[in-house]
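**Q** sequence first, then the predicted structure, then my questions.
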Protein chains: 2
Amino acid sequence: MSKTSEIQGRQYIGGTRSALGQPALESRAALDGAPYPVKFFEATQAEVLAAATSAAGAYPVYRRLSAAARADFLDAIAAEIDALGDDFISEVQRETALPAARLTGERGRTSGQMRLFAKMLRRGDWYGARIDRALPGRQPLPRPDLRQYQIGLGPVAVFGASNFPLAFSVAGGDTAAALAAGCPVVVKAHPGHLVTSERVADAIGRAAARCGMPAGVFNMVYGGNAVSAWLVQAAPIRAVGFTGSLQGGRALFDLAAARPEPIPVFAEMSSINPVIVLPQAQQARAADLARDLAASVALGCGQFCTNPGLVLLLRTPHSGAFIEALRAALQSQASQPMLHAGILANYRAGTQRLRETAGVATLAGGHDGQDEHRAAPHLFVADKALLLSGAATIQEEVFGPSTVVVELDDEAELLAGIAHLHGQLTATLIGEAAELPHYRAVLAALEEKVGRVLLNGFPTGVEVCDAMVHGGPYPATTDARGTSVGTLAIARFLRPVCYQNTPDALLPPALQDANPLGLLRLVDGEPTREPIAPAL
Amino acid sequence: MSKTSEIQGRQYIGGTRSALGQPALESRAALDGAPYPVKFFEATQAEVLAAATSAAGAYPVYRRLSAAARADFLDAIAAEIDALGDDFISEVQRETALPAARLTGERGRTSGQMRLFAKMLRRGDWYGARIDRALPGRQPLPRPDLRQYQIGLGPVAVFGASNFPLAFSVAGGDTAAALAAGCPVVVKAHPGHLVTSERVADAIGRAAARCGMPAGVFNMVYGGNAVSAWLVQAAPIRAVGFTGSLQGGRALFDLAAARPEPIPVFAEMSSINPVIVLPQAQQARAADLARDLAASVALGCGQFCTNPGLVLLLRTPHSGAFIEALRAALQSQASQPMLHAGILANYRAGTQRLRETAGVATLAGGHDGQDEHRAAPHLFVADKALLLSGAATIQEEVFGPSTVVVELDDEAELLAGIAHLHGQLTATLIGEAAELPHYRAVLAALEEKVGRVLLNGFPTGVEVCDAMVHGGPYPATTDARGTSVGTLAIARFLRPVCYQNTPDALLPPALQDANPLGLLRLVDGEPTREPIAPAL
């Protein structure tokens, strides 16, 4: 098992290490900026292309492995990740300032995610097998035998996020989905956790070697924006998975769309995750709701994609008290360190911008000066006109423990406000059982804006399962048709292929008459696991 | 029922007709350019936006109709299309020069397509329903109840093709897929068949009225490139379906990607559909293959997306005789009129370009001068270096009855040639039963390049069914993950939504405990039609 002392800072290309560029990058401790004793080499354009080419070389072999073999590989990665020890957790903690308990949980989530994809691979529904049998006697023309399944798109570029150094990074959901789909991967390591990235890349490498995977199945490069651009523009890359800022995601999307052969980009970028608190709930459980909402805003120092950054209240005799309870609850949350100095600077700029916006009152926050390395929770109340005019001001994500309350006079105003919302990862409706049925129109309107609707919960916390959707309309993502969490994430990296009149022995097993994989297939419009009777 | 004499040439916006622009467009007979007595008004930018806004207004109502209600609507459209009479067929014939028998068949294909989507809607697999039940006792954290299904993206812009004035136009596959998905449609009528477009739009309008659909469910505008650009850029539009040229499709894709909120474009554009003839087949059935291949090249004057424009031969003692048989068979095919003068001019320019390319010999064709309104079949033989060098010359689609033969010395050269192929809709492998098993590597290489692989057939003829894929890697389409023919086409216009901890009565029926729609759902990782036991 690799140790932190063995960090090399070189690119991972086709099973070897390469360092043709300058040792220009370093890992720094999140809390005090202390540098790590090893430098990381920035990839050259030639190295980026070599990594993509290596992935392309592995693709024809890797994609044709049985789903069971790919599942074994994912299980092996999971085991290697679980085996990363306490020194690993300490290292990630040093790089990200995230608590050890959180990181231990995230390690389990990361390996669990790999195992869930392995389970789905063995289940086989991702093949989407469909068979329309030949109708040789059909008039006026016979129907040929047609069989469809899904294959991996080709090499996938993965850009991890800073806020989940394990679960949304080197071995995170995008990598798991791509590897499951039969797509080799080139990761661009996040500059915020380079040592962590190298340790995880080594874990994947050990799993690949143990499972006899082709050398180019996993690759990783280090660098900044130039390396990112080279990777997205590298001809062999066929799709991109990204989690990060709106600016960064859009830049990669634009580069990918401008390629001679455009490729899809699934960028998860920006969301303020509105939470709506209905009148009866305001009255019945203001204190509990304010406490739980404040905890959700401040959780992980607000560094979650699903952090609730907007609270919509129907104005009632109780809404003032609810806002006061929320203020008190947020005020009582401790200031916390952020992932790195750049994120903290952005947080302060964002809260400062809100503080200076006409029509926005600052109810909590202003203690930032107390600790230069920590972010204080903020609460703002904005004039409803800022929402109802469609202004962008209060809809720009402020990444960190900050939220904005807007009071609306009635359901019609609430619906108007929802209509002005940008696309979101989530929206939450909080109400009592007796009042919820009166807000079906609100629920329907929310559904058109988001990937996930929550009732009486809080959006932080994204379960990894079959039914999860972590996606949504722009600018939440660049493509609302994808999810970056849960097993449906594999669909982003698959495409359908149809075989016409193909001898059984030449068909992929998923489509053969005998149904050797035992798949549930759509045969002549009916789902069945039955084998196909041989043609007459 | 509308008659041709009632053609107005005005935009269809939310159930009314509008003519704010100039009467700048006219319909012309394909054969002699004779104009139709009615002018068509070019849509203004305000009208284009009004059409998109009308579709957006219909969306919240239309998307929430039951799938059964949408299926009834599609069935009603099918009935109205079937009821378009002989005068309609004559009109389409005048506009397109396509034979009456072909158009009668295409009318049946178009209504059949609507009915197939209706059947799929009732079947319900498109919902993609997935349920992960709550695990309140799970450690360290409970799992919430999560339920996922698919909803329509929003208003879809449809750009029909000239070569299928019914099946790929106003009521074609893109419109059927969008309406099935719950997405209102704005069609940009193809300038090559304006009268046909208006007749079909009227048929859809009658069906919408009869079924009580919201007024904006279907809209149509007339115009040229400016109107196309306005439509793709209109803020309410959420996705684009297009069938046409590489240049046109890419232009719309670029506009869509550059929007403030980018939207997906599914453009089916360009394919030369390689056909590979293996050695034993060359020897065993040269005459039959040459005859059938020539017929496929000349079918419909070569005006099919799946027209075989490249023939790859493994060089054998018999390949010379096969080429000669193909030449004779193509030479014996009659010259035919094309859809309009512009397509014919492009065909002549394309064959002229090939004729003048160094390394390309012209074996058939050159009779173009005989009839200025008809296209003669062409056969070229190209030096293998033109393929193996990766040059674009012989891979540029020449839309019409033309094909290029390339001889390759052995399987290694064939694989190298395939590696240089651009993305294609189809590839065809022709071989004897005894030799096919030796070419598994060829089949696998083809699969990476195309949407549909055919064995011992010809690519013209695209069955409308569940298993069809009419798509493929760029430049065949802008997104290999879609198909524009067959029921999977609906997936282009759907996105997943997840409900968390939502009371049963507030869930969409597809996700309710009792499973009132009788769907096959993925519940806790297992497909089942069973209801969900109420939470404890």
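**A** Cool, the structure landed.

**Q** which parts of the stretch 101-250 of chain A sit against chain B?
**A** A:105, A:119, A:123, A:125, A:128, A:130-132, A:140-141, A:143-144, A:146-148, A:151, A:153-154 (Cβ under 8 Å from any Cβ of the partner chain). Placement of C-beta: from N, CA and C, glycine included.

**Q** only whichever of those residues are buried, select them in PyMOL.
**A** Restricted to buried positions by 16 or more other Cβ atoms under 10 Å in any protein chain shown, the PyMOL selection for these reads:
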select buried, chain A and resi 123+125+128+130+131+132+144+146+147+148+151+153+154
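
**Q** how about the closest residue to chain B within the stretch 151-300 of chain A, nearest residue that isn't a chain neighbour?
**A** Proximity of the stretch 151-300 of chain A to chain B (Cβ to the nearest Cβ) peaks at A:Ala257, 3.6 Å away. The shortest distance from A:Ala257 to any residue other than its chain neighbours is 3.6 Å, reached at B:Ala257 (Cβ to Cβ, 6 or more residues apart in numbering or on different chains).

**Q** correct me, but that neighbour touches A:Phe253?
**A** Yes - between B:Ala257 and A:Phe253 there is a contact under Cβ atoms under 8 Å: 7.4 Å.

**Q** tell me which of these two has more neighbours.
**A** Neighbour tally, B:Ala257 and A:Phe253, criterion other Cβ atoms under 10 Å in any protein chain shown: the higher count belongs to A:Phe253, 24 against 21.

**Q** so the more buried one is in which element?
**A** In the assignment (DSSP states H and E), A:Phe253 maps to helix A:246-257.

**Q** repeat for A:Leu429
**A** Using DSSP H and E, A:Leu429 maps to strand A:424-430.

**Q** same check on A:Asn163?
**A** A:Asn163 belongs to no helix or strand, assigned by DSSP H and E.

**Q** isn't it right up against A:Cys305?
**A** Yes - here A:Asn163 lies in contact with A:Cys305, judged by Cβ under 8 Å, at a distance of 7.5 Å.

**Q** give me the buried positions along the longest helix belonging to chain A.
**A** Ranked by residue count under DSSP state H, the longest helix found in chain A is helix A:100-123. Of the residues in helix A:100-123, A:102-103, A:106-111, A:113-118, A:120-121, A:123 count as buried by neighbour count, 16+ other Cβ under 10 Å.

**Q** and that helix, average pLDDT?
**A** Average pLDDT, helix A:100-123: 97.

**Q** other SSEs contacting the helix or strand that it is followed by?
**A** Heading C-terminal from helix A:100-123, the first helix or strand you meet, by DSSP H and E, is strand A:130-132. In terms of contacts (3 or more Cβ pairs under 8 Å, 6 or more residues apart in numbering or on different chains; DSSP states H and E), strand A:130-132 is packed against strand A:146-152, strand A:521-523.

**Q** parallel or antiparallel, list what pairs with the strand holding A:Leu429.
**A** When pairs are called by DSSP bridges, strand A:424-430 turns out to pair with strand A:275-277 (parallel), strand A:450-455 (parallel).

**Q** list the buried residues for stretch A:292-312?
**A** Neighbour-count burial for stretch A:292-312, counted by 16+ other Cβ under 10 Å, picks out A:293-294, A:296-312.

**Q** show me what contacts the closest residue to A:Pro184 other than its chain neighbours?
**A** Once flanking residues are discounted, A:Pro184 sits nearest to A:Ala55: 3.8 Å by Cβ to Cβ, 6+ apart. With contacts defined as Cβ atoms under 8 Å, 6 or more residues apart in numbering or on different chains, A:Ala55 is in contact with A:Pro155, A:Val156, A:Pro184, A:Val185, A:Val186, A:Gly216, A:Val217, A:Asn219, A:Pro236, A:Ile237.

**Q** burial of the fourth one, as a residue count?
**A** Counted by other Cβ under 10 Å, the residues lying close to A:Val185 total 27.

**Q** and the fifth one, by the same measure?
**A** The burial count assigned to A:Val186 is 30, neighbours taken as other Cβ under 10 Å.

**Q** neighbouring contacts of the host helix or strand of it?
**A** Per DSSP H and E, A:Val186 falls inside strand A:185-188. Residues outside strand A:185-188 that contact it (Cβ under 8 Å, 6+ apart) are A:48, A:51-52, A:55, A:155-160, A:169-170, A:175, A:178-179, A:197, A:201, A:217-223, A:227-228, A:231, A:234, A:237.

**Q** surely A:Gly302 and A:His378 touch.
**A** No - using Cβ under 8 Å, A:Gly302 is not in contact with A:His378; the gap is 9.1 Å.

**Q** which other helices and strands contact the helix or strand bottoming out on mean pLDDT in chain A?
**A** For chain A, counting by mean pLDDT, DSSP states H and E, strand A:336-337 ranks last in confidence among helices and strands (a mean of 90). Other elements packing on strand A:336-337 under the criterion 3+ Cβ pairs under 8 Å, 6+ apart are strand A:374-375.

**Q** that older thread, wait, which of the helices and strands packed on strand A:130-132 is closest to B:Arg440?
**A** strand A:146-152 (15.2 Å; Cβ to Cβ).

**Q** can you report phi and psi for the closest residue to A:Lys119 other than its chain neighbours?
**A** In this structure, A:Lys119 finds its nearest non-sequential neighbour in B:Gly525, 7.0 Å apart by Cβ to Cβ, 6+ apart. Dihedral angles of B:Gly525 (phi, psi; degrees, to the nearest 10) stand at phi 90, psi 0.

**Q** residues in contact with B:Gly525?
**A** Counting by Cβ under 8 Å, 6+ apart, B:Gly525 makes contact with A:Lys119, A:Arg123, A:Asp466, B:Asp132.

**Q** in contact with the nearest residue to A:Ile151 once chain neighbours are set aside, which residues?
**A** Nearest residue to A:Ile151, sequence neighbours excluded (Cβ to Cβ, 6+ apart): A:Val497, at 5.4 Å. By Cβ under 8 Å, 6+ apart, the residues touching A:Val497 are A:Gln148, A:Tyr149, A:Gln150, A:Ile151, B:Glu447, B:Val450, B:Gly451, B:Arg452, B:Val453, B:Val469.

**Q** let me know the secondary structure of A:Ala79.
**A** Here A:Ala79 takes the helix state, with states given by DSSP: H, G, I helix; E, B strand; the rest coil.

**Q** per-residue pLDDT, it?
**A** At A:Ala79, the pLDDT value in this model is 98.

**Q** with A:Ala361 instead?
**A** Per-residue pLDDT puts A:Ala361 at 96.

**Q** what sits against it?
**A** Counting by Cβ under 8 Å, 6+ apart, A:Ala361 makes contact with A:Phe380, A:Val381, A:Ala382.

**Q** which residue sits closest to the first one, ignoring its sequence neighbours?
**A** Right, A:Phe380. A:Val404 (4.6 Å).

**Q** on the three-state scheme, the residue nearest to A:Ile151 is what?
**A** A:Val497 - assigned by three-state DSSP - is strand.

**Q** and the gap between it and A:Gly461?
**A** To A:Gly461, A:Val497 is 37 Å away according to Cβ to Cβ, to the nearest Å.
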